[in-house]
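Visitor: only the shape, not the letters, is given here:
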């Protein structure tokens, strides 16, 4: 059986990422036959180590969110661990998974305070931007006579974010001092070249819409009817919010 | 009488959380170990801080994300990224763990053992050769610390490593603390392990300090590799003993926990150097288990 070891490895990781192993639920439940002969207590210890390591990455990614969650955080983390198995070891992947979980949870039951949604999204955006490594343009393949077509795209280290509250004060002043005002806010989180940490801009909603559309290279004239497009694109390029390919 | 020998380089594993401290103390180390995965996943600031070290101090490359012992094809995209980072660092070697951490669709980011059997050794050997054909610097494999072993293992730890390293000419990154913890948790003699290794196979050494875990669901206390405490004397004894049969190029101290007590790393470096300054050939003194951390 060529996949026998892989089957056993799958069984092991399924078990180690299960609530049964992590929290010690169903301690007397029968163990997967693939894991017979392995001490259940040691598996539980491995499961706990792995889970703790994952939680540590997530808590580090969402410091303000967890500060606001306060005593609720242990319940939410437990629900997350029970609902979302780890699929990737990176901090960013785990943070995205946790944010997806929170978003789904808060769609069913809005959080208290309501601005938690925006705070969590903002913290994920900051992590996305900090983790961005510039991708290089691949040269055209052999036989491809056409070079890349002219166009614009959102800079790789830019995340556009629409918030229902202006939560910037939480990150600028601190949690205890302010209650973020409820106000539709179009934010851009970015890490321009030469900067050590992220910068946050508020932009006009129409600019946010444009940036959100520019995941990939596009000719702006095909979808944008702004009167002064050329000035806008050159302004956005000057602020390193978009890349321009002539 | 002291037998002359070139001292191995002594340094620490670079961590972004103590990046500034490390740069402030660069003169205290001969070498830094860079975790390639931190360059891959850590983002621009982390990568840029690491790149700033190139040319200022020798760097070695260490990986935690390959999962070589997963019974599935190697992640070629990951290997491409590793090759790029090694070139960036000008690293003379690339080390990885003889372990698995993921299967398709699940990644627990912890290093787990595989059954030590001939069939699995053969599968790992094939992968090592593939890596050697892709990565232009020598590959070193590290023995991991493991809490449980698979019941169908037929090889000892040392024989399993000898077989794989012998067939592939890969070197061994001796995790001295891993060896110490395994010997305690699984009741074997770590000096016998060292005696069983092919002479000269150890090309690099890792040191760290672990802790003891005692939970109501465990049959007894276990020693775990937390990288959070000073290197125990017993691990230094193992290092000293290993140096009688091996000539590793680098000795790296790893630290991931209690980074507020980072100055302990300087003490560890001094303690390692003091051991290196001792003459070769003295006998080891085995100590009672239970002093980890």
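Guide: Looks like it arrived, so ask away. In this text the structure is predicted, and so the values were computed from the model without any measurement. Numbers count the residues shown, from 1 in each chain, chains lettered A, B, ... in the order given.

Visitor: residues from the stretch 51-200 of chain B in reach of chain A?
Guide: Residues of the stretch 51-200 of chain B found near chain A (C-beta under 8 Å from any C-beta of the partner chain) are B:65, B:70-72, B:100-103, B:105-110, B:112, B:114-115, B:119-120, B:123, B:147-148, B:150-152. In this view, the C-beta of every residue, glycine as well, is placed from N, C-alpha and C.

Visitor: quick check on those residues: which are buried?
Guide: Listed as buried from those are B:65, B:70-71, B:100-103, B:106-110, B:112, B:114-115, B:120, B:123, B:147-148, B:150; burial here means 16 or more other C-beta atoms under 10 Å in any protein chain shown.

Visitor: what's the helix or strand for residue B:228?
Guide: Using DSSP states H and E, residue B:228 maps to neither a helix nor a strand.

Visitor: show me where chain A has its strands.
Guide: A:151-154, A:158-165, A:182-190, A:199-202, A:242-245 (DSSP state E).

Visitor: distance between the first one and the chain's centre?
Guide: On the basis of C-alpha atoms, centre = their mean, to the nearest Å, strand A:151-154 is displaced by 22 Å from the centre of the chain it belongs to.

Visitor: what's that strand packed up against?
Guide: With contacts defined as 3 or more C-beta pairs under 8 Å, 6 or more residues apart in numbering or on different chains; DSSP states H and E, the secondary structure elements packing on strand A:151-154 are helix A:229-238, strand A:242-245.

Visitor: quick check: buried residues in stretch A:189-204?
Guide: Of the residues in stretch A:189-204, A:189-191, A:198, A:200, A:203 count as buried by neighbour count, 16+ other C-beta under 10 Å.

Visitor: which residue ranges make up each domain of chain A?
Guide: By the assignment in automatic domain parsing, chain A contains the domains A:16-23+A:39-112, A:150-246.

Visitor: ok now the first one, how far from the chain's centre?
Guide: The reference is to domain A:16-23+A:39-112. From the chain centre to the centre of domain A:16-23+A:39-112 is a distance of 14 Å (C-alpha atoms, centre = their mean).

Visitor: that domain close to chain B?
Guide: Yes - Domain A:16-23+A:39-112 reaches chain B (C-beta under 8 Å from any C-beta) through A:16-17, A:39-46, A:49-50, A:53-54, A:85-92.

Visitor: which among those residues end up buried?
Guide: With neighbours counted by 16+ other C-beta under 10 Å, the residues of domain A:16-23+A:39-112 next to chain B contain buried members at A:16-17, A:39-46, A:49-50, A:53-54, A:85-86, A:88-92.

Visitor: which ones are touching residue 201?
Guide: I went with chain A, as the question did not name one. Counting by C-beta atoms under 8 Å, 6 or more residues apart in numbering or on different chains, residue A:201 makes contact with A:187-188, A:190, A:239, A:241.

Visitor: not quite, I wanted chain B
Guide: Contacts for residue B:201 (C-beta under 8 Å, 6+ apart) come out as B:161-162, B:165, B:171-172, B:246.

Visitor: give me phi/psi at it?
Guide: Here the main-chain torsion angles of residue B:201 (degrees, to the nearest 10) amount to phi -70, psi -20.

Visitor: again, but for residue B:117
Guide: With angles defined as degrees, to the nearest 10, residue B:117 sits at phi -130, psi 170.

Visitor: circling back to that earlier point, for chain B, find the nearest of the helices and strands packed on strand A:151-154.
Guide: Proximity to chain B (C-beta to the nearest C-beta) singles out strand A:242-245 among the helices and strands packed on strand A:151-154, at 15.6 Å.
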